[in-house]
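Trainee: got a predicted structure plus its sequence, pasted below:
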Amino acid sequence: MQKGIIGKKIGMTQIFDETGKVVPVTVVEAGPCVVVQKKTVENDGYAALQLGYGDVKVQRLNKPYRGHFEKRDVACKKTLKEFRLDDCDTLNVGDIVKADTFAVGDAIDVVGTSKGKGYAGPIKRHNQHRLKETHGTGPVHRQAGSMGACSSPSRIYKGKGMAGHMGAEQVTVQNLEIVKIDAENNLIAIKGAIPGPKGGIVYIVDSVKA
């Protein structure tokens, strides 16, 4: 991984490329992020950088978090995320990472928390079919139906698609493209949709499959 940054999803819009084609994009406020901690192979067994994003009042942090920031003499941040970059030696504690660390045309992966849907049935949650609406099916048209075999194995197999809590889980969308960067305002326009609601925290990293 060469680059990584924390951002906030602003929303979706559309822009026109040089040929006049409409491109749907998601705008992300990427950074500025501060390097809060630097992990090394000698001390921690691996090399990584911990970035912080979003200002927060000191009063809103508990004592361990306050000490974490005071020890390194950096401003308190709301969100912390560790990135295992290949060239951690180029950055030190207190350095600022901005949106211009990426470039137009870069292939990226975006990690975010999907919108929560609450308790959902099997049709919405697992794309199952509804049952017949005639011939005495009764008031169970959107229920799950058969759970599996009878006396053998006398249980429901793991992974059976059933009703339950849907959404509000970590989702990664791979191989997206950066269409435009506004370095002055730390905005990145990403082609396509990314997980999460407006205002949700996302992590942008180099694509692992590019």
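Mentor: Looks like it came in fine.
Trainee: list the buried residues in the strand or helix carrying Pro64.
Mentor: For Pro64, the element it lies in under DSSP states H and E is helix 63-72. Of the residues in helix 63-72, His68, Phe69, Arg72 count as buried by neighbour count, 16 or more other CB atoms under 10 Å. Any C-beta I mention is one placed from the backbone N, CA and C, and that applies to glycine too.
Trainee: roughly how far does the first one sit from Cys76?
Mentor: Using CB to CB, to the nearest Å, one obtains 9 Å as the distance from His68 to Cys76.
Trainee: ok, His165 next?
Mentor: 33 Å.
Trainee: cool, Thr134 as well?
Mentor: Thr134 is 63 Å from Cys76, by CB to CB.
Trainee: of the two, who's got more company?
Mentor: Cys76 (19 against 5; other CB atoms under 10 Å).
Trainee: can you check the pLDDT for the more buried one?
Mentor: pLDDT for Cys76: 90.
Trainee: wait, it sits on Phe69?
Mentor: Yes - Cys76 is in contact with Phe69 according to CB atoms under 8 Å; the separation is 4.9 Å.
Trainee: list the residues that contact Lys175.
Mentor: Not quite, residue 175 is Asn, not Lys. Ala107, Asp109, Ser207, Lys209, Ala210 (CB atoms under 8 Å, 6 or more residues apart in numbering).
Trainee: in a strand, Ile108, correct?
Mentor: Yes - assigned with DSSP: H, G, I helix; E, B strand; the rest coil, Ile108 falls within a strand.
Trainee: that one and Tyr157, how far apart?
Mentor: 37 Å.
Trainee: could you do Lys63 as well?
Mentor: Taking CB to CB, one finds Lys63 at 47 Å from Tyr157.
Trainee: thinking again about what came up before, run through the neighbouring helices and strands of the helix holding Pro64.
Mentor: Counting contacts by 3 or more CB pairs under 8 Å, 6 or more residues apart in numbering; DSSP states H and E, helix 63-72 packs against strand 33-39.
Trainee: now what about the strand it packs on, what contacts it?
Mentor: 5-6, 46-53, 68-69, 72, 74-75, 77, 80, 82, 88, 91-98.
Trainee: what does stretch 115-129 give?
Mentor: 130, 142-145, 161-168, 195-197.
Trainee: from the residues you listed, which is closest to Leu176?
Mentor: Pro195 (11.2 Å; CB to CB).
Trainee: thought that closest one was touching Gly112?
Mentor: Yes - at 3.9 Å, Pro195 and Gly112 qualify as touching, with contact defined as CB under 8 Å.
Trainee: overlap in contacts, those two.
Mentor: Val171, Val173, Val202.
Trainee: circling back: from the contacts of stretch 115-129, which ones fall inside strands?
Mentor: Counting by DSSP state E, the contacts of stretch 115-129 place Gly164, His165, Met166 in strands.
Trainee: the most far-flung residue of the chain relative to its centre and His141: what is the separation?
Mentor: Here the chain reaches farthest from its C-alpha mean at His135, the gap being 46.1 Å by CA atoms, centre = their mean. His135 sits 12 Å away from His141, going by CB to CB.
Trainee: can you check Lys63 too?
Mentor: Taken as CB to CB, the span from Lys63 to His141 is 55 Å.
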